[in-house]
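[1] I'd like to go over a predicted model; first the sequence, then the structure.
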Amino acid sequence: MTATSIFVNLPTTDLERSKAFYEALGFSINPLFTDENAACVVLDENVYFMVLTRDYLATFTDKQIIDPKTHAQALIALSRESRDGVDEVLAKGLAAGGTEPREAQDYGFMYSRDLEDPDGNVLEFLFMEQAAAEQGPDAYLAGQA
């Protein structure tokens, strides 16, 4: 069976700035699918962001392209191996021109922080205790009491 690949399309007003931002987070750009209209950001072997100029993205839909600085359409959550991993990627993103729109969220079993790219697209980086993922948060927290 072939693995499913995920391509998330994100609008940008400055393609070069977006490429630099995502490279600063540790992701790579696939030059075979990158031109003056779009950049293919490789998160891992089956997950990609297609960062598209707003005009180019508009060729794929009849719907209005929203401004992610003022409207939310999607929040993209990406897991990390540890709480430190969440903090590390946020530090890289903030240094590369991103912003943190709200305080870190600590639920005991899960820790997350939001990072907006320079266009306002929201990435949530999170770490969840493996036992909480396996048992569910309520059972995990009950066992911690």
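    That came in fine, so what should we check first?
[2] Tell me where the longest helix sits in this protein.
    helix 83-95 (DSSP state H).
[3] counting contacts, what elements does that one pack onto?
    Here helix 83-95 touches helix 15-24, strand 110-116, strand 122-128, going by 3 or more CB pairs under 8 Å, 6 or more residues apart in numbering; DSSP states H and E. C-beta: built from backbone N, CA, C; applies to glycine.
[4] now do 10 Å
    Under the contact definition 3 or more CB pairs under 10 Å, 6 or more residues apart in numbering; DSSP states H and E, helix 83-95 sits against helix 15-24, strand 75-79, strand 110-116, strand 122-128.
[5] Helix 15-24 and that helix, what's the angle between them?
    For helix 83-95 against helix 15-24, the angle by axes from the mean of the first three to the mean of the last three CA atoms, to 10 degrees is 150 degrees.
[6] who does the helix or strand that comes right after helix 83-95 pair up with?
    Next helix or strand after helix 83-95 toward the C-terminus (DSSP states H and E): strand 105-106. Within its sheet, and counting by DSSP bridges, strand 105-106 is paired with strand 110-116 (antiparallel).
[7] between the strand it pairs with and strand 75-79, how many degrees?
    Using the same axes, to 10 degrees: strand 110-116 against strand 75-79 is 130 degrees.
[8] For strand 110-116, what is the distance to the chain centroid?
    For strand 110-116, the separation from the chain centroid amounts to 10 Å (computed by CA atoms, centre = their mean, to the nearest Å).
[9] what about it, average pLDDT?
    Taken as a whole, strand 110-116 carries a mean pLDDT of 97.
[10] outside of the longest helix of the chain, which residues touch it?
    With CB atoms under 10 Å, 6 or more residues apart in numbering as the test, helix 83-95 has contacts from 21-26, 78-80, 82, 98-100, 104, 106, 110-118, 123-127, 129.
[11] now stretch 22-41
    Contacts of stretch 22-41 with the rest of the structure, by CB under 10 Å, 6+ apart, involve 7-10, 12, 15-16, 18-21, 42-44, 47-53, 55-57, 59, 78, 88-90, 92-98, 115, 117, 123, 125.
[12] Name the residues of it that are buried.
    Within stretch 22-41, the residues that qualify as buried by neighbour count (16 or more other CB atoms under 10 Å) are Tyr22, Ala24, Leu25, Phe27, Ile29, Thr34, Ala38, Ala39, Cys40, Val41.
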